[in-house]
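>>> here is my input; please provide its structure:
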Amino acid sequence: PAKTTLFYFHGNRVSVGYAIESGSLIYQQVRDAIPWEGPLRFVIWSWPSDRICGPLRDFRVKAMRADVDALFLAGVLNRMPRQVPVSILAYSFGARIVTGGLHLQGGGELLGNKLRRENVNSMRPVRTVFCAAAVHQDWLYFGGKQNRACSQMNKFLVLYNSLDPLLMHYRYLEKNSQPAAMGFAGLEQGRLADQSVVFHQRDVRDQVGLSHSESRYFSSTELVRQVSQYLQWKQAQ
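From the prediction side, this is the model:
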């Protein structure tokens with residue numbers, strides 16, 4: 001129970017084999033970036049994100065698949081003992097799985113589903129880091145679609161890239177609105193639905209540049225160290 005469990009959620013257009021390969025590499029980078037207190041359990045969460053023909057169709061189908069996986073995530077977290085320290089690192093569409101899962105865990109509803117009342121808030125708040133999150137910017141605000149997710153976070157770090165060439169077009173995901181992506185525009189200060197969460201964000205355009213590549217985020221020693229520090233649970237915490 002004292003072992004920190006770190007979940008890693010990959011982004012879109014990733015095969016199972018590549019998810020294992022990239023996840024294993026990220027595990028090594030995170031482990032080596034800082035001195036960790038105690039053992040670390042690293043979980044690679046693979047979801048069906050293989051490429052689909054047509055960029056816009058691919059985008060919309062994966063958004064629905066991410067929401068479905070959020071139901072699975074809530075079920076997994078719900079079964080974890082409260083004393084287990086949990087951290088989450090998510091990239092691109094993987095962040096959408098996380099916000100949906102935490103929203104359910106906080107008592108919210110997703111795709112017509114809710115957790116049973118006795119299972120809500122059954123885990124301790126998690127440490128969460130998003131990189132290039134393909135999530136609506138306003139979903140975690142007061143009145144937002146997934147506003148209960150923040151109540152399940154202990155600390156929350158958002159790394160966004162205002163030069164991201166893919167998330168720049170995120171507004172075309174829905175036909176009747178033009179949502180901004182959290183991973184492109186960041187979050188507006190003071191608008192999170194739960195103000196008790198320790199929240200920081202950073203525009204990493206200087207480190208990542210004109211790219212949506214996950215490897216660009218983790219090729220920066222400085223960013224990997226910052227991410228690792230956010231994810232670590234210390235014994236006194």
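
>>> could you use CA atoms for every contact and neighbour count after this?
OK.

>>> show me the strands in this structure, by range?
With DSSP state E as the criterion, the chain has strands at 4-9, 40-45, 86-91, 126-131, 153-160, 198-203.

>>> low-confidence ranges in this structure?
117-122, 235-237 (pLDDT under 70).

>>> repeat that with 80
For the chain, applying pLDDT under 80 flags the ranges 54-56, 58-59, 117-123, 173-176, 235-237.

>>> the longest helix seen in it packs against which elements?
Taking DSSP state H as the criterion, the chain has its longest helix at helix 55-78. Helix 55-78 sits against helix 94-105, with contacts defined as 3 or more CA pairs under 8 Å, 6 or more residues apart in numbering; DSSP states H and E.

>>> so what touches the helix it packs on?
Here helix 94-105 makes contact (CA atoms under 8 Å, 6 or more residues apart in numbering) with 9-12, 63, 66-74, 77-78, 90, 109-110, 114-115, 119-122, 130-131, 133-135, 146-150, 152.

>>> need the winner for burial among the strands of the chain.
Highest mean neighbour count of the strands of the chain: strand 126-131, a mean of 26 (counted as mean count of other CA atoms under 10 Å).

>>> touching that one from outside, list them.
85-92, 95, 152-160, 183, 217, 227, 230-232.

>>> repeat that for stretch 215-235.
With CA under 8 Å, 6+ apart, stretch 215-235 has contacts from 4, 6, 26, 29-31, 33-34, 36-37, 85, 87-89, 127-129, 131, 155-157, 207-208.

>>> hmm, 6 Å instead?
Residues from elsewhere that reach stretch 215-235 (CA atoms under 6 Å, 6 or more residues apart in numbering): 30, 33, 87, 127, 208.

>>> so what's the residue count around Q195?
Residues lying near Q195 (other CA atoms under 10 Å) number 12.

>>> for the longest helix of the chain, buried residues please.
Buried residues in helix 55-78, defined by neighbour count with 16 or more other CA atoms under 10 Å: 58-59, 62-63, 65-71, 73-75, 77-78.
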